[in-house]
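1. need a 3D model of the following:
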Amino acid sequence: MKKQSLQSLSILGLAALGIAGCNGFSKMLKNANQITYSVTPNPLQDNGDSVAINISAHYPAKYFPKKAALAVTPTLKLSDGSNVDLPTTNLVGDKAKGEGIKVSYDNGGSVSFNKKVPFTNGMKMDELDIKANLTNNKKDFPVVKIADGTIATALLIQNDDKLIAAKDKFQKTIPESDTTHIYYLISQSGVRPAQMTSDEMKKFKAFVETGTMQGYTWDGTVVDAWASPDGETAMNEHLADDRAKSAIKAMKEMLKSMKIEDKVTDPNGKTMKVKILIDSKLWGDDFYKVDKTGLDWDGFRDKVNASNIKDKDLIIRVLTMYTDHDQRMKEIKNMTKTYTELADDILPKLRRAIIILNAEKKSRSDAQLTALSASHPDSLSVEELLYAATLTTDMNQKLSIYKSAEKQYPTDWRCANNAGYAEMALNKLSDADADFQQADKLSPNNPVIQNNMGVVARWKGDRKGAMAYYAKATGAGTEVAYNMALVDIQTGNYADASNNTGSYNTFNAALAKVLNNDASGAKSVLDASNDQSAMAFYLRAIICARTGDKTGMVTNLKTATNKDASLRATAQTDCEFLKYKDDGDFKAAIQ
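-> So this is what the prediction gives:
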């Protein structure tokens, strides 16, 4: 905090000019150096688009004449030469006429002036002056400067708001599988020919044919084999194992014998049939894995529960009461009529092998998707379109793809949201606003959309509205807090801004720390950002100026102005460098 004798402030002392000595004004002028003042901060500082001006003047005892009456007016002298007069404060002595703040002759006193004024660009290289008028005889006193300039570093904020593009669900490989069954007669493990020509088996073979034609990758076959509980435990356990073996043998033989034909057209336009080979791994020994075998009590319970058998509750109770297999079957067989129903409708379905063939379907390649998204976007799914847009860094291409997706899939909020995302990157604010509004209609209160609508609001100058959107965007990601930090910078909440930038290493994150008086933290953020822009070097120069590193300041200013010549004029009116304004090295750096 700077202090100076009231040769500068001379709010009262200068009133001695032309005033009779009997009133004590000549003595005020003579002893003006006894008065001290402070201006906080000095230089002044833009904070949330406004500048707080805090002036304090202290008058010693035996100084202020008892009949003195002064009107004191702080004045901002802007860089364009114009003046902005701030509200006048009246000071009066112990016996002076009129209203005002009393200043005691015997004890002296302190007078404070506090005012917030809107920031304007003309204030960057302004000065704060004091004008005084002795109301007793309406005499004006010489204007005195008490502070220099206004720091406006917060205005360096960059529009790097974090928009969020909705994610696609595209898979480069899609798991595919098909399941078929082979059913057995009681106590037998041989595969009946009819089982290999059933409708279910035909469907299974069609799956193999489709996979072969489309180039599936075959991952393996899992076989579960079961025996129904009616029979002796030891016999049924061996029976289930034998069924697994017979099922695998039958599947191998069937697949090995499959013939697949396709029609192709030769260069002369003639259609001909060609044979398509099936991957031999489908009948290889290592391709099959036996997983579960044994007595299928779980399957029995499920089918009984799902049936209309009258005594099904009683059957379930038996399963609960007894754990021994033979005892269970004895109790169930005692229900003569019920057991007949079980033998006809339930037990035959448990004597089976379950064959599951697993595969992976390859999606279109990145090159194919890129080409089709431009030539035939209507041939692609919404997931393919959204993914294709991620394959290019050209925002115009992204927007074209997102617009195609929006046209083809108008009910999917992601398409409109991502179109808005690209439009914001292209500075098409109105178009982006419309797309985000449409996305919000399709998916109300979606955190991702709320975040993006908040960015639009900030760009429109509605900071309060932006914060309201961000409050509803909780859970969308770290982007939300970062965007809040940008509003915090603009509203002068620098501590919140520094916290909300989180782990981001960006220009604005460093700026927030500078504004929060954390020069060391700001330097670390900029170093980690690897930002080589002109503005980044300019901010580095400010950090060096604040920490007294003149060499660093000069070096970074030279780099910044070499990258962007317009920063020379910026530096000349930047009060961050006020104490260096007459320094030869500083002047050379910005020439």
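2. outside of the longest helix along the chain, which residues touch it?
-> Identified as the longest helix of the chain according to DSSP state H is helix 233-257. Contact partners of helix 233-257, identified using Cβ atoms under 8 Å, 6 or more residues apart in numbering, comprise 182, 184, 187, 189-191, 195-196, 201, 205, 208, 221, 223-229, 231, 278, 282-283, 288, 290, 293-295, 325-326, 351-353, 355. For glycine as for every other residue, the C-beta is placed from the backbone atoms N, C-alpha and C.
3. so T573 makes contact with D126?
-> No: with contact defined as Cβ atoms under 8 Å, T573 does not count as touching D126 (10.0 Å).
4. circling back to that earlier point, among the contacts of helix 233-257, which ones are in helices?
-> Using DSSP H, the contacts of helix 233-257 in helices are 201, 205, 208, 325-326.
5. quick one, which of T573 and D126 is more surrounded?
-> Applying other Cβ atoms under 10 Å to T573 and D126 shows that D126 carries more neighbours, namely 26 against 17.
6. which among the contacts of helix 233-257 count as buried?
-> 182, 184, 189, 191, 195-196, 201, 205, 208, 221, 223-229, 231, 278, 282-283, 288, 290, 293-295, 351-353, 355 (16 or more other Cβ atoms under 10 Å).
7. among those, which are located in strands?
-> Per DSSP state E, strands hold the following members of these: 182, 221, 223-227, 288, 290, 293-295, 352-353, 355.
8. now, the most widely separated pair of the ones in helices among the contacts of helix 233-257?
-> Distance extremes for those: the farthest pair is V208 and D326 at 41.6 Å, using Cβ to Cβ.
9. count of residues packed around N136?
-> Residues near N136, counting by other Cβ under 10 Å: 18.
10. buried residues, the longest helix of the chain. List them.
-> 236, 239-248, 250-252, 254-255.
11. one more: stretch 253-269?
-> By neighbour count with 16+ other Cβ under 10 Å, stretch 253-269 contains the buried residues 254-255.
12. 2 is where my numbering starts, stick with that
-> Okay, using 2 as the starting number, the last item reads as stretch 254-270.
13. that one: how far from the chain's middle?
-> From the chain centre to the centre of stretch 254-270 is a distance of 52 Å (Cα atoms, centre = their mean, to the nearest Å).
14. the longest helix of the chain to strand 289-296, inter-axis angle?
-> Angle, helix 234-258 to strand 289-296, by axes from the mean of the first three to the mean of the last three Cα atoms, to 10 degrees: 150 degrees.
15. farthest-apart pair in the ones in strands among the buried ones among the contacts of helix 234-258, please.
-> Taking Cβ to Cβ, no two of those sit farther apart than T222 and L296, at 23.0 Å.
16. helix, strand, or coil at the closest residue to Y470 other than its chain neighbours?
-> Nearest in space to Y470, with sequence neighbours left out and distances taken as Cβ to Cβ, 6 or more residues apart in numbering, is G455 at 3.3 Å. Using DSSP: H, G, I helix; E, B strand; the rest coil, the structure places G455 in helix.
17. near G455, how many other residues are there?
-> For G455, using other Cβ under 10 Å, the count is 31.
18. state the distance from it to N335.
-> Counting by Cβ to Cβ, to the nearest Å, the gap from G455 to N335 is 73 Å.
19. tell me which helix or strand the closest residue to E201 other than its chain neighbours sits in.
-> Spatial nearest neighbour of E201, chain neighbours left out: T181 (5.2 Å); criterion: Cβ to Cβ, 6+ apart. Secondary structure assignment for T181, by DSSP states H and E: strand 174-184.
20. same for that strand, what does it pack against?
-> helix 200-215, helix 234-258, strand 353-363 (3 or more Cβ pairs under 8 Å, 6 or more residues apart in numbering; DSSP states H and E).
21. and the contacts of that strand?
-> Contact with strand 174-184 is made by 192, 196-197, 201-202, 204-205, 208-209, 212, 217-218, 244, 247-248, 251, 349-350, 352-364, as judged by Cβ under 8 Å, 6+ apart.
22. kindly report the same for stretch 323-339.
-> With Cβ under 8 Å, 6+ apart, stretch 323-339 has contacts from 230-231, 233-234, 296, 298, 310-312, 315-316, 319-320, 340, 343.
23. quick one: which of these is nearest D169?
-> Closest approach to D169 among the contacts of stretch 323-339 (Cβ to Cβ): W298, at 44.6 Å.
24. got a list of what that closest one touches?
-> 230, 320, 326, 329.
25. a markdown table for those residues, including distance to S57 and pLDDT?
-> Output for the contacts of W298, formatted as a markdown table (distance: Cβ to Cβ, whole Å; pLDDT from 0 to 100):
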| residue | distance to S57 | pLDDT |
| --- | --- | --- |
| P230 | 96 | 87 |
| L320 | 90 | 87 |
| H326 | 96 | 80 |
| R329 | 96 | 86 |
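26. want to throw the ones in helices among the contacts of helix 234-258 into CSV with distance to T562?
-> Shown next, in CSV, are the ones in helices among the contacts of helix 234-258 (distance: Cβ to Cβ, whole Å):
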residue, distance to T562
M202, 79
K206, 75
V209, 71
H326, 90
D327, 95
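27. closest one of these to M536?
-> Closest to M536, out of all of the ones in helices among the contacts of helix 234-258 and judged by Cβ to Cβ, is V209, at 61.8 Å.
28. against R193, how distant is that closest one?
-> Counting by Cβ to Cβ, the gap from V209 to R193 is 21 Å.
29. and for A307, the neighbour number?
-> A307, neighbours per other Cβ under 10 Å, totals 10.
30. ugh, wrong one, D107
-> D107: 9 surrounding residues under other Cβ under 10 Å.
31. okay, now the domains of this structure?
-> 5-152, 174-363 (automatic domain parsing).
32. return the distance of the last one from the chain's centre.
-> Going back to what we said before, that points to domain 174-363. Put simply, domain 174-363 sits 49 Å off its chain's centre (Cα atoms, centre = their mean).
33. can you check the first one too?
-> Put simply, domain 5-152 sits 50 Å off its chain's centre (Cα atoms, centre = their mean).
34. buried sites along stretch 375-393?
-> Buried positions in stretch 375-393, judged by neighbour count with 16+ other Cβ under 10 Å: 378, 381-391.
35. ignore what I typed, I meant stretch 146-160.
-> Within stretch 146-160, the residues that count as buried by 16+ other Cβ under 10 Å are 147-155, 157-158.
36. strands - which of these land there?
-> Reading strands off the buried residues of stretch 146-160 with DSSP E, I get 147-149, 151-152.
37. looking at the residues you listed, spot the one nearest K117.
-> After measuring those against K117 - Cβ to Cβ - the closest member comes out as T151, at 12.6 Å.
38. now do the contacts for the closest one.
-> Contacts for T151 (Cβ under 8 Å, 6+ apart) come out as 44-47, 52, 120, 124-125, 127, 576.
39. try F508
-> 159, 161, 527, 530, 532, 534, 536-537, 540.
40. excluding sequence neighbours, find me the nearest residue to A153.
-> D47 (4.3 Å).
41. quick check, nearest of the ones in helices among the contacts of helix 234-258 to G110?
-> Nearest to G110 among the ones in helices among the contacts of helix 234-258: V209, at 99.7 Å, using Cβ to Cβ.
42. surely the closest one and L358 touch.
-> Yes: if you go by Cβ under 8 Å, V209 and L358 touch, sitting 7.2 Å apart.
43. send the alpha carbons of stretch 371-384 over as PDB?
-> The C-alpha coordinates for stretch 371-384 follow below in PDB (Å, rounded to 0.1, in the frame of the first residue of the first chain):
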ATOM      1  CA  THR A 371     -15.400 -42.100 -43.900                       C
ATOM      2  CA  ALA A 372     -16.300 -42.600 -47.600                       C
ATOM      3  CA  LEU A 373     -19.900 -43.700 -47.000                       C
ATOM      4  CA  SER A 374     -20.600 -40.800 -44.600                       C
ATOM      5  CA  ALA A 375     -19.800 -38.400 -47.500                       C
ATOM      6  CA  SER A 376     -21.300 -40.300 -50.400                       C
ATOM      7  CA  HIS A 377     -24.100 -42.400 -48.900                       C
ATOM      8  CA  PRO A 378     -24.800 -41.400 -45.300                       C
ATOM      9  CA  ASP A 379     -28.300 -42.900 -45.600                       C
ATOM     10  CA  SER A 380     -26.600 -46.400 -45.700                       C
ATOM     11  CA  LEU A 381     -25.100 -46.000 -42.200                       C
ATOM     12  CA  SER A 382     -26.600 -46.500 -38.800                       C
ATOM     13  CA  VAL A 383     -26.700 -43.700 -36.300                       C
ATOM     14  CA  GLU A 384     -23.800 -45.300 -34.400                       C
END
